[in-house]
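S.K.: Turn this into a model:
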Amino acid sequence: MDLQEMRMKLIYHLKDCALFTESRDFINADNRLYHISHLASPHGDSIQRVATYFNEALACCHVLKMLRGVPKVLHLSKKSSTAEKLHVKELFFRLYPFLKIAYKTMNQTIIEAMEQEKEINILDLSAPHDATQWIYLMQSLKEHLPNPPPPYLKITITCIHVKKEVLDQMGLHLRIEAERLNFPNFQFHPVVSTLENLDLETLPVKKGGPLAISCVFQLHSLLATDEVNLQMRNSYSPAASMNQYVQMLGKQKMINPSPDSALFPFSLSPPKMECLLNVLWKLNPKVMMITEQEANVNGSTLTKRMDKALHFYGSLFDCLESSFSRTSVDRTLLEKMLLGEQIKNIVACEGVERKERYEKLKTWIPRLQLAGFGMVPVSSSGIQQAKNLLQSYVHGYHILQDNQCLFICWKGKPLFSVSAWRRC
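M.R.: Numbers count the residues shown, from 1 in each chain. Below you'll find the model as predicted:
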């Protein structure tokens, strides 16, 4: 069997397995899992490697559909320590250019939005693994401002994370950097919380002050819905409910939901996503920066999610195949502990447990417009900085500008989007 035939067989078996699993034909699904296990390998080429983790995810899905107690006893969903989670996120930052590009373009857009302001307030909803983005921001400010910086300039960063020790380390690093760069009026406000459970009304954010909001790879997690909300979806008229909610907010704009969107009907107690966006709208930020995966893996069926996720993660594995040796320990750790776990969440989990619910920018646009935000251009200077950065990476990465925003691509396929928003 030649390489191309092997790859085609893997894709064929994976899609077949998803179809059999979805229809609860477990005998044929198990047969496909067996064939995939003989073709896939965590040490092979990019197709074999990505197939390994989809095969594991399908096996978990298979067990979860057949049994209720066994998966919980065997802990099929891996629980990583805080140190492990931080390490693999650091590997994602280091081995791919995606976050570096996002940080550069987001920070430059924030700096330009804050031009002439005497204070800069940042609300970071990203639950970042470290302080890198805001160290970059202060370094860019230092280059942008007179030397020394104006003594009156006040920088305040409010950041959320579920782990207090992570916030403590961030605060320490940021204070050291602020002192080094001669920003004496720097403050860091840690908030120990998940985005889902964040008490938005008590955030230590100065009301009426110049504010920038940053959210990287987090908004999609709020699209998780429980069975009650799924039942509500089936009992309402989407267009009528959404437009009723728009009028309730006083934002007179008729919205036609995209068929690809996970927008669902609103009630008098709107879901967490709508609550979050409504509070952010009230904060009236000068700019709100959002970075999300450019993929639609939030389909209602396993086969739809599998098909979209295969394309998305196939590209991510191909990036690594072109950049790093197959024997690279860091590459293997990143694939197994981060990408593999994300794949498992998309394929095997349902309801509130399925957090990796990426949607394309075209479905985020009406959702944000519905909440009263309008898109503004990402900094052209920031985009140029991003293009310069990509010159140090392998051929295949490139930047696409479209509809005032930025897409980070691999071989013509957009993988991540960076967009900027303001209150209408």
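S.K.: CA atoms for contacts and neighbours, from now on please.
M.R.: Fine.
S.K.: residues contacting the residue sitting nearest the centre point of the chain?
M.R.: What sits nearest the mean C-alpha location of the chain, by C-alpha atoms, centre = their mean, is F217, with 2.0 Å. Applying C-alpha atoms under 8 Å, 6 or more residues apart in numbering to F217 gives the contacts S126, T291, E292, Q293.
S.K.: again, only this time at 6 Å
M.R.: Residues near F217 by C-alpha atoms under 6 Å, 6 or more residues apart in numbering: E292.
S.K.: and if you look at D318?
M.R.: Taking C-alpha under 6 Å, 6+ apart as the criterion, D318 is in contact with S46.
S.K.: Show the pLDDT at it.
M.R.: Confidence at D318, expressed as pLDDT, is 97.
S.K.: Just the buried positions in the host helix or strand of V63, please.
M.R.: Secondary structure from DSSP states H and E places V63 in helix 46-66. By 16 or more other C-alpha atoms under 10 Å, the buried positions in helix 46-66 come out as 46-64.
S.K.: hmm, back to that, now the residue nearest to the centre of the chain: how far from T156?
M.R.: Taking C-alpha to C-alpha, to the nearest Å as the measure, F217 falls 22 Å from T156.
S.K.: Check for me that Q342 belongs to a strand.
M.R.: No. Under DSSP: H, G, I helix; E, B strand; the rest coil, Q342 falls outside any strand and is assigned helix.
S.K.: tell me the phi and psi of the closest residue to it other than its chain neighbours?
M.R.: Distances taken as C-alpha to C-alpha, 6 or more residues apart in numbering place E356 nearest to Q342, at 6.6 Å, with adjacent residues excluded. Backbone dihedrals for E356, given as degrees, to the nearest 10, come out at phi -80, psi 80.
S.K.: burial measure for E356, as a count.
M.R.: E356 has 25 neighbours, counted by other C-alpha atoms under 10 Å.
S.K.: And for Q116?
M.R.: Using other C-alpha under 10 Å, Q116 is surrounded by 9 other residues.
S.K.: Can you tell me the SS state at it?
M.R.: Three-state assignment for Q116 (three-state DSSP): coil.
S.K.: On the three-state scheme, C159 is what?
M.R.: Secondary structure for C159, judged by three-state DSSP, is strand.
S.K.: mind listing what it touches?
M.R.: Neighbour list for C159: D124, P190, V191 [criterion: C-alpha under 6 Å, 6+ apart].
S.K.: Run through the bridge partners of it.
M.R.: D124, P190 (DSSP bridges).
S.K.: now it: how far from C215?
M.R.: Taking C-alpha to C-alpha, one finds C159 at 10 Å from C215.
S.K.: repeat for L95
M.R.: L95 is 21 Å from C215, by C-alpha to C-alpha.
S.K.: ditto for P190
M.R.: 16 Å.
S.K.: same thing with F407?
M.R.: In this view, F407 and C215 are 16 Å apart by C-alpha to C-alpha.
S.K.: ditto for G382
M.R.: Here the criterion is C-alpha to C-alpha. By it, G382 lies 17 Å from C215.
S.K.: the more surrounded of these two?
M.R.: Shown here are G382 and C215; by other C-alpha under 10 Å, G382 has more neighbours (21 against 18).
S.K.: Using JSON lines, lay out the contacts of C159 together with neighbour count and pLDDT.
M.R.: Below are the contacts of C159 laid out as JSON lines (neighbours: other C-alpha atoms under 10 Å; pLDDT from 0 to 100):
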{"residue": "D124", "neighbour count": "22", "pLDDT": "97"}
{"residue": "P190", "neighbour count": "20", "pLDDT": "96"}
{"residue": "V191", "neighbour count": "21", "pLDDT": "95"}
